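A.B. asks: Just need the structure, nothing else, for what follows:
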Amino acid sequence: MAREASASIQQSVAGDKITFGRADQKEFFNRTAPVISYGCYSCVRIGPGRERDFIKKFTFVLTLIAKTFHLGVDMRASRERRECNGGSPNEFPRIGCKLFFLLTPIVIIAIASVTAQTVGCDAAKPVGEILQNPFVGGGLNFSDLGAFALLSATDKMDAAGGVPTIDPSVHIVPYDRTVFKPDPVYVQPYNPEAQLYIYGGKYAVPTARPLLELGRELYQYGPFQPGINLVGKKNLLFPQVFIFGDWRTAVAYNNPVDNGSKDSGVLATKLNLDLDIRFTATERIHAFFTPLDRNGSFTEVQFGGDKQKSQLILNGEPTTLFFEGDLARIVAGVTNQDNKYDLPFTFGLIPLITQNGIWLQDAFEGFAFTIPARNSPHLQISNMDLTFFAGFNKVTTGAIPNDHSAYVFGLAGFVEANYGYWEFGYGYTLGRKDFDDLSYNNLSVAFTRRYFDTISNSVRVIFNFGQDPDKGHATTANGALILLENSLISPLPLTLVPYFNLFAGFDKPQSLARAATAGGVLVNTGLVFETDNMTEFPTLDATGHNTYGGALGVEYLFSLDQQIVFEVGGFNVFGAKEDRTA
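C.D. replies: Numbers count the residues shown, from 1 in each chain. Down below sits the predicted model:
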């Protein structure tokens, strides 16, 4: 007789058993969880209350319903054969069990393999059509099999087993062979030793170690010793003491052209030492020392011209000395309860640097705290930090020269938005004693972004206002400074960097606070505006007071172990001479 392939699908709805034949499958798959089935022989007729079986081999049924995986293999001999052998007409026979256990995993693996390789299906078909059984209709449709299995296994079916809800912004991506590269062509014979060497040929790379290491060593392999429960189980102590730093030596011979100075040579040395005393993962005391220099004077030997002398400078005063930690971690340790916020803070002789050291680069006695890692989907802000700070001593500012008693209060922050990086800050400098009339406001904003994958651009503005000097003092902080920083994205973006930077300063703009060794506000405009702080290398005027100019250059970093820079730069002046430094 003609062998007709069909599927017997049973689903319980409100306690009633409903059985669908082949003619009903298409509608069934459109409104309920699909079933993948394959049978050599299957039932051909269904009667009320009874079912005649003519299955001579077996039927494989794989049901994929939300949160359900059902596998059934129906193996029955024909009714006539079972009755002739003395068996019950409805008895499940013992024959074929071995075949069942052998074929079941093979079929599962085969279907899973085909499904995994055919997830990209015809995007022109609506989801409802994809949910139809790919095994029925005009033959096997393997182009829809992957999406069929994927959608049928989703947890987003409605209560009636309908089509899953898909976000309108999401669509099934059609398969495109062109987006995949061809397999590589190996011209050399396969070398298993070389393949093993990729992973097994690793070796330890010697690294510089701190001058002094006490407690847990820095970046060493484990196992680590357990922490000390002194301030709470959630903020364990891991005591560490490190002393590390660098020692620099430079030699230069300066030949000034028209500034009235004579030729001079200098050999200078500088030692930087960091002392790090760590308590927990977030709390520490840090200090920075410069034992061989003080306030811009270095241990050096001068030669050439009319300057032939040497000096040894010993300095035990710390440049910075501060405590820093995270209040949230401290509270978690004391209360033994986790919290969902971070609040890093610091106090002491603290160093603060913002906007690459242009708006603020100084160390003063005070405190600071930060509200970190905020975001706003509504404003399309992916990341944002806001830092509040205050300084009460050792504040260095060009607005009050030769005095470090001023107070400074302010905030600084950054926002990642508009496909770029915003930086901003506001500060108020409060003059004290005889300089209270030099108090003023300082505002800054900057935006950095890469355009067309070709150029990186930063625009910075510093604006000073509110100073009203009397007592015979001249105006020291007012006006604005505009900085444009540009670099091209070269074919070697990490090592070859062409750049072109411009600036224009109006009146007497100032950084909020600037250490003597930090250079002028134009320190990042070009090398011609930046000193090395060791060899008395002369620079162009870096104040930005009633001047405009720029620098054009190219930097090459070789293999990131050397550096060479070619640069040309200059500036021009305008306005009254008493209102500028140049």
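A.B. asks: contacts and neighbour counts: CA atoms only from here.
C.D. replies: OK.
A.B. asks: and residue 230, that's in a strand?
C.D. replies: No: the assignment for residue 230, made by DSSP: H, G, I helix; E, B strand; the rest coil, is coil rather than a strand.
A.B. asks: Now do the strands in the stretch 351-500 of the chain.
C.D. replies: 360-376, 381-393, 407-417, 420-430, 440-451, 455-465, 478-488, 496-508 (DSSP state E, counting those that start in this stretch).
A.B. asks: For residue 389, see how far away the residue lying closest to residue 481 once chain neighbours are set aside is.
C.D. replies: Nearest residue to residue 481 in three dimensions, chain neighbours excluded: residue 505, at 4.3 Å (C-alpha to C-alpha, 6 or more residues apart in numbering). Noted for residue 505: a distance of 27 Å to residue 389, by C-alpha to C-alpha, to the nearest Å.
A.B. asks: what does residue 199 give?
C.D. replies: Applying C-alpha to C-alpha to residue 199 and residue 389 gives a distance of 49 Å.
A.B. asks: do residue 549 as well
C.D. replies: Taken as C-alpha to C-alpha, the span from residue 549 to residue 389 is 33 Å.
A.B. asks: What of residue 437?
C.D. replies: 22 Å.
A.B. asks: Also residue 433?
C.D. replies: 22 Å.
A.B. asks: related to what we said a few turns ago, is it possible to export the strands of the stretch 351-500 of the chain to a markdown table including distance to residue 522?
C.D. replies: Compiled in a markdown table, those are given as follows (distance: least, C-alpha to C-alpha, whole Å):
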| stretch | distance to residue 522 |
| --- | --- |
| strand 360-376 | 12 |
| strand 381-393 | 24 |
| strand 407-417 | 20 |
| strand 420-430 | 17 |
| strand 440-451 | 15 |
| strand 455-465 | 11 |
| strand 478-488 | 8 |
| strand 496-508 | 8 |
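A.B. asks: could you dump those to JSON lines with mean pLDDT?
C.D. replies: Converted to JSON lines, the strands of the stretch 351-500 of the chain look like this (pLDDT from 0 to 100):
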{"stretch": "strand 360-376", "mean pLDDT": "96"}
{"stretch": "strand 381-393", "mean pLDDT": "97"}
{"stretch": "strand 407-417", "mean pLDDT": "97"}
{"stretch": "strand 420-430", "mean pLDDT": "97"}
{"stretch": "strand 440-451", "mean pLDDT": "97"}
{"stretch": "strand 455-465", "mean pLDDT": "97"}
{"stretch": "strand 478-488", "mean pLDDT": "97"}
{"stretch": "strand 496-508", "mean pLDDT": "96"}
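A.B. asks: Compare residue 549 and residue 389 and say which is more crowded by neighbours.
C.D. replies: Neighbours were counted for residue 549 and for residue 389 using other C-alpha atoms under 10 Å; residue 389 has more, 20 against 16.
A.B. asks: Excluding chain neighbours, what is closest to the more buried one?
C.D. replies: residue 368 (4.1 Å).
A.B. asks: Just to check, that neighbour is in contact with residue 346?
C.D. replies: Yes: contact criterion C-alpha atoms under 8 Å: residue 368 and residue 346 qualify, at 5.4 Å.
A.B. asks: Over to residue 330: give its phi and psi.
C.D. replies: Backbone torsions for residue 330, taken as degrees, to the nearest 10, come to phi -60, psi -50.
A.B. asks: Quick one: neighbours of it, just the number.
C.D. replies: 20.
A.B. asks: just residue 339 next, same as before
C.D. replies: The burial count for residue 339: 11, using other C-alpha under 10 Å.
A.B. asks: Using PDB, write out the CA atom coordinates for stretch 223-240.
C.D. replies: Extracted in PDB, the C-alpha atoms of stretch 223-240 (Å, rounded to 0.1, in the frame of the first residue of the first chain):
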ATOM      1  CA  PRO A 223      48.400  31.100  46.400                       C
ATOM      2  CA  PHE A 224      47.900  34.200  48.500                       C
ATOM      3  CA  GLN A 225      47.700  34.100  52.200                       C
ATOM      4  CA  PRO A 226      44.200  34.900  53.600                       C
ATOM      5  CA  GLY A 227      43.500  38.400  54.700                       C
ATOM      6  CA  ILE A 228      43.300  39.700  58.300                       C
ATOM      7  CA  ASN A 229      39.900  40.300  59.800                       C
ATOM      8  CA  LEU A 230      40.500  43.500  61.700                       C
ATOM      9  CA  VAL A 231      38.000  45.900  60.300                       C
ATOM     10  CA  GLY A 232      35.400  43.400  59.100                       C
ATOM     11  CA  LYS A 233      35.100  40.300  56.900                       C
ATOM     12  CA  LYS A 234      34.000  42.400  53.900                       C
ATOM     13  CA  ASN A 235      37.100  44.600  54.100                       C
ATOM     14  CA  LEU A 236      40.000  42.400  54.900                       C
ATOM     15  CA  LEU A 237      43.500  43.700  55.600                       C
ATOM     16  CA  PHE A 238      46.400  42.700  53.300                       C
ATOM     17  CA  PRO A 239      49.300  44.700  54.700                       C
ATOM     18  CA  GLN A 240      51.900  45.800  52.100                       C
END
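A.B. asks: Tell me the buried residues in that stretch?
C.D. replies: 231, 232, 233, 234, 235, 236, 237, 238, 239, 240 (16 or more other C-alpha atoms under 10 Å).
A.B. asks: Can you list which of the residues you listed are found in strands?
C.D. replies: residue 240 (DSSP state E).
A.B. asks: gap between the closest residue to residue 548 other than its chain neighbours and residue 305?
C.D. replies: Nearest residue to residue 548, sequence neighbours excluded (C-alpha to C-alpha, 6+ apart): residue 504, at 4.1 Å. Taking C-alpha to C-alpha as the criterion, residue 504 is separated from residue 305 by 36 Å.
A.B. asks: Looking at the two, which is more packed in?
C.D. replies: The neighbour comparison of residue 504 against residue 305 (other C-alpha under 10 Å) goes to residue 504, with 20 against 12.
A.B. asks: Bridged to the more buried one, which residues?
C.D. replies: residue 482, residue 548 (DSSP bridges).
A.B. asks: remind me which residues of the protein are low pLDDT?
C.D. replies: Along the chain, the parts satisfying pLDDT under 70 run over 1-164, 256-261.
A.B. asks: Check it and tell me which residue is nearest its centre.
C.D. replies: Geometric centre of the chain, nearest residue: residue 383, 10.0 Å, by C-alpha atoms, centre = their mean.
A.B. asks: Contacts only, for that residue.
C.D. replies: The contact partners of residue 383, by C-alpha atoms under 8 Å, 6 or more residues apart in numbering, come to 373, 374, 375, 376, 415, 416, 417.
A.B. asks: Any of the residues you listed buried? List them.
C.D. replies: By neighbour count, with 16+ other C-alpha under 10 Å, the contacts of residue 383 hold 375, 415, 416, 417 as buried.
A.B. asks: ranges for the strands of the stretch 201-350 of the chain?
C.D. replies: 212-215, 240-254, 264-278, 284-289, 293-294, 297-303, 309-311, 318-326, 344-354.
A.B. asks: closest to residue 174 out of those strands?
C.D. replies: strand 344-354 (47.7 Å; C-alpha to C-alpha).
A.B. asks: Between strand 360-376 and that closest one, find me the angle.
C.D. replies: 120 degrees (axes from the mean of the first three to the mean of the last three C-alpha atoms, to 10 degrees).
A.B. asks: How far does strand 344-354 sit from its chain's centre?
C.D. replies: 23 Å (C-alpha atoms, centre = their mean, to the nearest Å).
A.B. asks: Pairing partners for it, with directions?
C.D. replies: strand 318-326 (antiparallel), strand 360-376 (antiparallel).
A.B. asks: how about that strand: buried residues?
C.D. replies: Neighbour-count burial for strand 344-354 [16+ other C-alpha under 10 Å]: 344, 345, 346, 347, 348, 349, 350, 351, 354.
A.B. asks: State the number of residues packed around the residue lying closest to the third one once chain neighbours are set aside.
C.D. replies: Translated: residue 346. Leaving aside its sequence neighbours, residue 346 sits nearest to residue 324 (C-alpha to C-alpha, 6+ apart; 4.2 Å). As a burial measure, residue 324 scores 20 neighbours (other C-alpha under 10 Å).
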